[in-house]
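> Any chance you can model this:
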Amino acid sequence: SRRVARIPKTCSPNSTGMRSGQQIVDKRLRLAANMQRAHRFPMQPCISRPQLPQLELERISTMFVSPVMEIEKDWIDYNGHLNMAYYNVLFDCAGDDAFEKMGLGAAYARTRALTSYSAEVHVCYVRELHFGHSVTATFQLLDHDEKRMRFYQELRHVDGWLAATSEQLSLHVDMTGPKVVPFPPDILTNLERVQVDHASLGVPVRAGRAIAIKRKAHE
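As a prediction, this is how the structure comes out:
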C-alpha cells in the first residue's frame, strides 16, 4: 500500500483477533490483486511521466466507487465481526484504485520516485460487518494544496447501508528523502479538476469530525 508504514511482526490474538503482520500483508496483496483483476477500468500502462486521460477523469468526476469487495473469514475477530484493522484495508484498496486514476498509483511511485504517505486518518465505525458480507467503498477529494490532499471515503454494504467512514490527510513525498514535496504540475492539474467536480457533491455530513466526549451542560 502507498500509505502503510510498518506492520508489527506479531499481533496478540487475545487483544485484537488479528493474525501475524505478514499474513495481514499477504491478505492485503491478495485483495488488491483480486480488485485489479475484477476492476471495471483497466490500469494504465507504465510510462515515464504518467498522465491521467480525459476519459479516466470523467469516470470519477462525480464519485469514485470501488468494485465489490468480499469480507473474508480470516478477517473476523473474537467478537465475531470484522476486525477494525480490515476496515482500513478495504478503504486503502479503494483509495489505491482512486489514486491510480488520478495518476498517483504504483507506476507513479516506480517511475518518478514520488508517492503519498498518510499523515492523519479518522475512521468512524458505524455498523458491524460480518463474514460473507459484500461491500463497496467511495472516494471523494475534499481539498488539496501543493503538497497535501484531504479526502473522504464511505464503506457501504451492497444493500446500501453505511458501515464506516474514513477521512484522511495525505502528504506528497519524494521517496529519495523521504521528504514532503510539491506535486508536479501534471498531477496538480489532475487534482484540481477532480476537486472541482467532487465539490458538486457538497461536504459530507460526517466529514470534519473530531474525537471528543460530549458532556451535558451541568457536568
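> Now do the helices in the protein.
Counting by DSSP state H, the chain has helices at residues 21-38, 54-59, 84-101, 106-112, 185-199.
> just checking, which of the ones you listed comes out with the lowest mean pLDDT?
Least confidently modelled of the helices of the chain is helix 54-59, at a mean of 45 by mean pLDDT.
> Lowest mean pLDDT among the helices and strands of this structure, which one is it?
Every helix and strand in the chain was compared by mean pLDDT, DSSP states H and E; the lowest is helix 54-59, with a mean of 45.
> if I pick residue 179, what's in contact with it?
Counting by CB atoms under 8 Å, 6 or more residues apart in numbering, residue 179 touches residue 173. From N, CA and C alone the C-beta is placed, and that goes for glycine too.
> meant to ask about residue 133, not that
70, 71, 82, 157.
> looking at it, the third one is touching residue 127, isn't it?
It stands for residue 82. No. Using CB atoms under 8 Å, residue 82 makes no contact with residue 127, being 10.3 Å away.
> Between these two, which is the more surrounded one?
Between residue 82 and residue 127, residue 82 has the larger neighbour count (other CB atoms under 10 Å), namely 26 against 12.
> What residues of stretch 91-109 count as buried?
Residues of stretch 91-109 classed as buried by neighbour count (16 or more other CB atoms under 10 Å): 91-109.
> just stretch 153-172 next, same as before
Applying 16+ other CB under 10 Å to stretch 153-172 flags 153-156, 163-168, 170-172 as buried.
> same check, this time on stretch 76-83
Result for stretch 76-83 [16+ other CB under 10 Å]: buried residues 76, 77, 81, 82, 83.
> The first one and residue 132, how far apart?
In other words, residue 76. 10 Å (CB to CB, to the nearest Å).
> and what of the last one?
Spatial separation of residue 83 from residue 132 under the definition CB to CB is 15 Å.
> Out of the buried residues of stretch 153-172, the closest to residue 87 would be?
For the buried residues of stretch 153-172, the residue nearest residue 87 by CB to CB is residue 164; the value is 5.0 Å.
> What residue, apart from its backbone neighbours, is nearest that closest one spatially?
residue 155 (4.4 Å; CB to CB, 6 or more residues apart in numbering).
> wait, the one you found sits on residue 135?
Yes. Here residue 155 reaches residue 135: they are 5.6 Å apart, a contact under CB under 8 Å.
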